[in-house]
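Visitor: 3D, please:
(2 chains)
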Amino acid sequence: MTPDTKARGYFARRSRLKWWEGLPWVLAVAAFFVLPDYMAFGTQVLITIIFALSLDLVVGFAGVVTLGHAAYFGVGAYTTGMVSAHLGWTEPISALLLAGFVAAIVGFISGAVLLRYHGLTLLMLTLATAICLQEFANVNEDVTGGFDGLTGVGFEPLLGLFEYDLWGHTYYWYSMAVLFLVFVVVRIMVNSPFGMSLIGIRENSARMDAIGTPVYRRLVTVYGVSAGIAGLAGGLFAESNAYVTLDVLSFARSGTILIILILGGVGRLYGAFAGAVAYLVLEDELAKMSPEFWEFGVGLLLVLTVMFARGGLLGIFDRLRKLFDRAAP
Amino acid sequence: MSQLSNIIISIIFDGLAYAMILFIISVGLSVTMGLMGFVNLAHGVFAMAGGYFVTSLMSVAGVPFIPALLIGAVGVAVVSLPFERFLYAPLYKAGELDQVLLCIGLVFMASASFTYVFGPDPVPIKVPDGLRGQVDLGFRSFPAYRLFMVAVGLSMAAGIWYGFEKTLIGARVRAAVDNRMMAQSVGIDVDRLFRFTFALGSGLAALGGGLAVDILGLSPSFAIQYLVLFLIVVAVGGLGTIKGTFVAALVLGVIDNGGKYLWPEGGAFFIYAVTIVILLLKPTGLYGRHG
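Guide: Down below sits the predicted model:
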């Protein structure tokens, strides 16, 4: 066997579909028929999954920790919202693509500057960049609506056929389609040689540099792609809610999406799914009962995850499965 | 005196008082981060705890302001030790992501607990009569409390500088910040040194938190609201340098205060813009040597 065919075999094995990978999609479709009244909420869950997936590319695969990913979500949301409110660009699919495109451009440019830095400096720079953008949007209220939010956002029926509805049915399917396409792209990406080089950079960037990987270029590339996906999530958010507020750029949003990804399991693609569903469902139930109780619970969960369950929810499944395999040979 | 110079003096003076709070709270964070490289986003919790300690001592036990400040600082320093031992110590070798998340978790838990115990509303503080009103310094008068803040801040800075530069413990801390391995191999017990500086830093944060109540206010969201600010002071100043933290606190304090005064809608824009520019030009901070 030549090294080349060996490598091909390896990548083929890596990207082979497992039986359980259909599960999230079956559940997502089933949710529509079992809980039709919760589809507006379901849409937000799907959007959060897209956003968390984009963060997983950067944090989970490339190992770059950022506290400012809401910047790209917000750029996407404002792009879609502003072209609709000011330019009358109300065709939803092209407005969404535009959001992804603009966010990706912003991601490539800011990434090219930010990714020259490391550690605490990078952490502070990503955070400060997102907050600066938020303040910028706040100050330019004649275009962004400022503190009161952007109003007058509205869209034509999807494909000219499906009307926006109050129950969120149309946007549930629309968001699921976007999530599916994004997921396919991300899955191909992380299982490709490019994805492997990202994991290598995460594990030891000096060694990757030494064996000839253009580390900085790879990081900027994945950062830009990730920003574009975050922008798609933001655009969907603006379309499904038909309004945009400064909150889309907030530090709280950057922090929450990181928490969601960690709780689900970082660097494993499906962590974004598990984390978003678990977090948003719990938040919806518990925050209604008592906000303090919820806040304390999230804090405790985070501390416990970091101390005892580094792999998040999916990591716990993995460990249980291993225990089970050992118990029943 | 002209109107304009009056305004300028006011802005600088208020900024100075604000900067002193930033310095007192952040200086411990700078040293502990320089020593262990731990990204401690939860440092503001100790400042918040100090604030609540002081206001509770005053309202419940009737302790006067100044003794309450000191008791609060010592109390929080002692309470911080088990946190270091059981939560932080296991993560010294972990990546930034784990450290950041642990801290966010702690901040959430603290914020929820303080809300549960003290309620969500801001807590007022009654500063002694001697510190209220204005003090005439000859050419113009200043608010007494802010003058007091500046005096406390400057004397703390002098004291910390002396301890850091002129004492044996200070020399050991500096050695450990520069090169932990080397310090360890010449017989310095870095772990013990770290526990000591951690407690000292937490105590200082509590002192700053107590002093800040009258200026910044105190509510359970304090730690979340200011979480970023203290870290920015440390990052801009450079890890583990007293001088850097002091200069960064001055620059950021005066700019933030002036920005909010001259351009209220712009809010916090200036402080973050300045932070970005400084960090882009000097990634390890103004006086930092390693990242």
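Visitor: list the residues that contact the residue of the stretch 101-250 of chain A found nearest chain B.
Guide: For the stretch 101-250 of chain A and chain B, the shortest gap (Cβ to the nearest Cβ) falls at residue A:135, measuring 3.9 Å. In this view, the C-beta of every residue, glycine as well, is placed from N, C-alpha and C. By Cβ atoms under 8 Å, 6 or more residues apart in numbering or on different chains, the residues touching residue A:135 are B:266, B:267, B:268, B:269, B:272.
Visitor: which pLDDT value goes with the nearest residue to residue B:44 once chain neighbours are set aside?
Guide: Excluding its sequence neighbours, the residue lying closest to residue B:44 (Cβ to Cβ, 6 or more residues apart in numbering or on different chains) is residue B:223, at 4.0 Å. With respect to pLDDT, residue B:223 has a value of 83.
Visitor: tally of neighbours for residue B:223?
Guide: When counting by other Cβ atoms under 10 Å in any protein chain shown, one arrives at 26 neighbours for residue B:223.
Visitor: residue contacts, it?
Guide: Counted by Cβ under 8 Å, 6+ apart, residue B:223 has contacts B:42, B:44, B:45, B:47, B:48, B:107, B:110, B:111.
Visitor: ok, the last one touching residue B:227?
Guide: Going back to what we said before, that points to residue B:111. No: assessed by Cβ atoms under 8 Å, residue B:111 is found out of contact with residue B:227, at 10.1 Å.
Visitor: who has more neighbours out of the two?
Guide: Set residue B:111 next to residue B:227 and count neighbours by other Cβ under 10 Å: residue B:111 wins out with 25 against 21.
Visitor: quick check: closest non-adjacent residue to the more buried one.
Guide: Leaving aside its chain neighbours, residue B:111 sits nearest to residue B:220 (5.0 Å; criterion: Cβ to Cβ, 6+ apart).
Visitor: show me where the stretch 101-250 of chain A has helices.
Guide: Using DSSP state H, counting those that start in this stretch, the helices of the stretch 101-250 of chain A run over A:119-139, A:141-144, A:169-190, A:193-203, A:205-210, A:215-241.
Visitor: and these, which is most packed in?
Guide: Of all the helices of the stretch 101-250 of chain A, helix A:215-241 has the most neighbours on average by mean count of other Cβ atoms under 10 Å in any protein chain shown, namely a mean of 25.
Visitor: check whether it comes near chain B.
Guide: No: applying Cβ under 8 Å from any Cβ of the partner chain, one finds helix A:215-241 separated from chain B by no less than 14.6 Å.
Visitor: hang on, the earlier thing: and the residue nearest to residue B:111, that's in a strand?
Guide: No: applying DSSP: H, G, I helix; E, B strand; the rest coil, one finds residue B:220 to be coil, outside a strand.
Visitor: what distance do you get for it to residue B:54?
Guide: Distance, residue B:220 to residue B:54, using Cβ to Cβ, to the nearest Å: 15 Å.
Visitor: higher neighbour count, those two?
Guide: Of the pair residue B:220 and residue B:54, residue B:54 is the one with more neighbours under other Cβ under 10 Å, namely 32 against 25.
Visitor: can you tell me the closest non-neighbouring residue to the more buried one?
Guide: In space, and not counting its chain neighbours, residue B:54 is closest to residue B:210: 3.8 Å by Cβ to Cβ, 6+ apart.
Visitor: sticking with that neighbour, tell me its helix or strand.
Guide: In the assignment (DSSP states H and E), residue B:210 maps to helix B:190-216.
Visitor: now for that helix, which elements pack on it?
Guide: Contact partners of helix B:190-216 among helices and strands, from 3 or more Cβ pairs under 8 Å, 6 or more residues apart in numbering or on different chains; DSSP states H and E: helix B:3-36, helix B:43-56, helix B:65-83, helix B:144-166, helix B:168-178, helix B:180-185, helix B:222-237.
Visitor: hmm, 7 Å instead?
Guide: With contacts defined as 3 or more Cβ pairs under 7 Å, 6 or more residues apart in numbering or on different chains; DSSP states H and E, the packing partners of helix B:190-216 are helix B:3-36, helix B:43-56, helix B:65-83, helix B:144-166, helix B:168-178, helix B:180-185.
Visitor: what about the longest one, average pLDDT?
Guide: For helix B:3-36, mean pLDDT is 86.
Visitor: report the buried residues of that helix.
Guide: Buried residues in helix B:3-36, counted by 16 or more other Cβ atoms under 10 Å in any protein chain shown: B:10-11, B:13-36.
Visitor: and the lowest-mean-pLDDT helix or strand in chain B, how far out from the chain's middle?
Guide: Here the helix or strand of chain B ranked lowest by mean pLDDT, DSSP states H and E is strand B:134-136, holding a mean of 78. Offset of strand B:134-136 from its chain centre (Cα atoms, centre = their mean, to the nearest Å): 27 Å.
Visitor: same check, this time on stretch B:8-22
Guide: How far stretch B:8-22 lies from its chain's middle: 15 Å, per Cα atoms, centre = their mean.
Visitor: not counting it itself, show me its contacts.
Guide: Applying Cβ atoms under 7 Å, 6 or more residues apart in numbering or on different chains, the contact partners of stretch B:8-22 are B:140, B:142, B:146, B:149-150, B:152-153, B:208, B:211-212, B:215-216, B:233, B:249-250, B:252-254, B:257-258, B:261.
Visitor: just the residues of chain A that are near chain B, which are they?
Guide: When proximity is defined by Cβ under 7 Å from any Cβ of the partner chain, chain A lies next to chain B at A:59, A:65, A:117-121, A:123-125, A:127-129, A:131-132, A:135, A:138-139, A:251, A:255, A:259, A:262, A:292, A:295-296, A:298-300, A:302-303, A:306-307.
Visitor: so who does the spatially most central residue of chain A touch?
Guide: With distances taken as Cα atoms, centre = their mean, residue A:51 lies nearest the centre of chain A, 1.9 Å away. Each residue near residue A:51 by Cβ under 7 Å, 6+ apart is listed here: A:73, A:230, A:233, A:257.
Visitor: confirm it sits in a strand?
Guide: No: per three-state DSSP, residue A:51 lies outside any strand segment and is helix.
Visitor: residue B:285 - that's part of a helix, no?
Guide: No: according to three-state DSSP, residue B:285 belongs to no helix; its state is coil.
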